[in-house]
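1. sequence? don't have it. structure:
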Ligand SMILES: [Zn+2]
C-alpha cells in the first residue's frame, strides 16, 4: 500500500445557513481545497462525499457545479463519521493505486433537513423517547457517579471549548463564556445545559489527498495520513459500561498496534465532543488517561495549549459546530493547519503527530454505529 | 400523540399483563447459546439462531443511569426522566422513571409499574410501563 498525504484543505464557518441551497455553500469549499492543492482538476481520479442528511447523491450535486464529473463519485453515510469515512476511502483509493489524487469532502444542512438521525421506528430505546442528548447525559451521570466528577468540572470543559472557539474564525460560536453563564443556561438533559451541547450547524469541509511520493510537487508541507481505522460498535444487550465507549477503545487499541504508536506519541487531538463529557469519556478510551482520570488532565491544564495533549483547540463540536456530515473532515483540516503551522492564535508549537476521532450515530445496542480515527503527521 | 410510527414488534408482546403475581416484562432467551435480551426477539444477536424462548423478567431492577430530558421527543411528556434499568436476568431495559426528578439516583432500586400508555397514530399503545421507586414518588 502506498503512503498518502493531504495537500489541500477547504473549510467554511459552520453556522446556520438555511437561506441558501447547500450546494451553493459547498462548492466554494471544495474549490478552495483543489486550488490550495494546486492540482489540475482533471487529475482527480475519484471523489468521496460524506453526508448524513442531504438525501441522494450530494456528491454529484455539488461536484457538477465545478464540472468535476465523469469520475467515480461515492456518497458515504455514517452519521457523524460520514466525512471521516469518506476521507478514509479516498486515502484507500490512492493507497491501493486506484488513482494518484483523490478528493474527500463533507456537506450537510441540518437546519433545513429538520430530522433526527435516530431510528424511532425500529429501536426500542429511541421509539420510547430516547434522544442523543439524553444518551450522553446518562453517560455523564454514570461517569460522575463512578468517578466523583462534579458539574463544576464538566462546566470547565464548556468554558475551555468556548475559549478556543473564540480563537477560531471557522467556529459557529466565537464568544467566551463564564462558568456562571454555563451553569445558568437553559437545562437540556441533566447535567447538560445548552452550553454543554453542540449546536445544529450547516456547512461543508474538504481535503485533497495524493500519493506521498508526489505530494511535494503540490505542497511545501504535505501532511501524511500515518494511520487510519474505521469500526462499528458491537451489538451488546447486557450490562454495558457506559463510561467506557467500547468501539473507541477497541479501535484505538487496534490503531496503536497497527501503527506502532501509542497515546504518549500524540501531540494534539480532536475528539468527538458533541457534549462536554465526551472529552473525559474519549480521553480515557483513547488512552490519554486511565479510566476515570481524564478529569485530572483537565484540572492540570493538560487539555490546553501548552499542556500534555491539547484537546479540541478548534473549539470542538461544542463551539466549532456539528453539521454531522462535514464534521470529520473539519477535524482533519484543523489538524492539518496545526501540523503545517497555520494554527494562528491557537497554534500548538511543535506538533508533529495529530489525532482525529469521530464517532457516529445512535443505534440502540451499539455504543455508536461508527467510529473513525486518523493519525496525521509531518 | 406521537408523530412518527413507533416500534413495530414483530416477535411478540413485551409486556405480559396476565402473569401470576402481577405484570412482567418479557424478553427472550436463546436456546442455542443462552443469550438473553429485551424486548422479545426473533433472532439471537449473539449466535444468529432463531430458536428463542420467552423469558419473563424480574419486576425489580436497579437504575444504571438516568437523566431528566427537559424537552422530550414529540409525544412524550416534558420533562421525562429516562433511564437504563438493570434486571437480575442480565438484561438492561430502556425505560422511563415514575418519580420526581430529585429522587432519581444511580443504583437505586425500582420496580415495574404499569401506567396509562401513550397512543400512536395507528392507535397502538406505547410506553405502557415505567419503573417506580419503592414507596412511590415523593
Ligand atoms: Zn444465541
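-> Ah, there it is. This structure is a prediction, so every number in the text was calculated from the model and none was measured.

2. which stretches of chain B aren't confidently modelled?
-> Residue ranges of chain B with pLDDT under 70: B:1-12, B:121, B:137-138.

3. how about the helices in it?
-> Along chain B, counting by DSSP state H, no stretch forms helices.

4. contact residues of it facing chain A?
-> Within chain B, the positions adjacent to chain A are B:4-8, B:35-39, B:45, B:64-73, B:75-76, B:80, B:82-84, B:86, B:90-92, B:94-96, B:101, B:106-107, B:126-127 by CB under 8 Å from any CB of the partner chain. C-beta coordinates here come from the backbone N, C-alpha and C atoms, glycine included.

5. filter these down to the buried ones.
-> If you count burial by 16 or more other CB atoms under 10 Å in any protein chain shown, the buried members of the residues of chain B next to chain A come out as B:6-7, B:35-39, B:64-73, B:75-76, B:80, B:82-84, B:86, B:91-92, B:94-96, B:106, B:126-127.

6. state the helix or strand in which residue A:137 lies.
-> Following DSSP states H and E, the helix or strand that holds residue A:137 is helix A:132-147.

7. should've said residue A:224
-> Following DSSP H and E, one finds residue A:224 within strand A:223-231.

8. in chain A, which residue sits nearest the ion?
-> Nearest residue of chain A to the ion (CB to the ion) works out as residue A:237 at 10.8 Å.

9. OK, contacts around the closest residue to that residue other than its chain neighbours?
-> Excluding its sequence neighbours, the residue lying closest to residue A:237 (CB to CB, 6 or more residues apart in numbering or on different chains) is residue B:37, at 3.8 Å. Listed by CB atoms under 8 Å, 6 or more residues apart in numbering or on different chains, the contact set of residue B:37 reads A:237, B:27-28, B:45, B:91.

10. ok, now residue A:267?
-> A:309-310, A:348, A:350-354.

11. repeat that for residue A:40.
-> Contacts here follow CB under 8 Å, 6+ apart; on that basis residue A:40 touches nothing.

12. quick check: PyMOL command selecting the buried ones in the contacts of residue A:267.
-> Here is the PyMOL command that selects only those of those that count as buried (16+ other CB under 10 Å):
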select buried, chain A and resi 309+310+348+351+353+354
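
13. the contacts of residue A:267 also near the ion: which ones?
-> With CB under 5 Å from the ion as the criterion, those include none near the ion.

14. closest to chain B out of the contacts of residue A:267?
-> residue A:309 (27.2 Å; CB to the nearest CB).

15. isn't that closest one right up against residue A:288?
-> Yes. Residue A:309 lies in contact with residue A:288 (CB atoms under 8 Å); the separation is 5.1 Å.

16. overlap in contacts, those two.
-> A:263, A:266, A:269, A:297.

17. thinking again about what came up before, neighbouring strands - and their directions - for the strand holding residue A:224?
-> Using DSSP bridges, the neighbouring strands of strand A:223-231 in the sheet come out as strand A:4-11 (antiparallel), strand A:370-377 (antiparallel).

18. ok, and what's touching it?
-> Here strand A:223-231 makes contact (CB under 8 Å, 6+ apart) with A:3-6, A:81, A:84-85, A:87-88, A:91, A:209, A:212, A:215, A:247, A:250-251, A:254-255, A:258-259, A:261, A:335-336, A:339-340, A:353, A:370-378.

19. how about the residues of chain B near the ion?
-> With the criterion set to CB under 5 Å from the ion, chain B comes near the ion through B:30, B:32-33, B:35, B:44, B:46-47, B:49.

20. how many other residues sit next to residue A:67?
-> Other residues within reach of residue A:67 by the criterion other CB atoms under 10 Å in any protein chain shown amount to 9.

21. list of residues touching stretch A:291-301?
-> The set of residues that contact stretch A:291-301 without belonging to it, under CB under 8 Å, 6+ apart, is A:143, A:146-147, A:149, A:153, A:156-157, A:160, A:243-244, A:279-281, A:283-284, A:288-289, A:303, A:307-309.

22. out of the residues you listed, which end up buried?
-> Here the buried ones among the contacts of stretch A:291-301, as counted with 16+ other CB under 10 Å, turn out to be A:143, A:146-147, A:149, A:153, A:156-157, A:160, A:243-244, A:279-281, A:283-284, A:288-289, A:303, A:308-309.

23. from the contacts of residue B:37, which is closest to residue A:126?
-> When these are compared for distance to residue A:126 (CB to CB), residue A:237 comes out closest, at 15.5 Å.

24. please consider this matter closed, and thank you.
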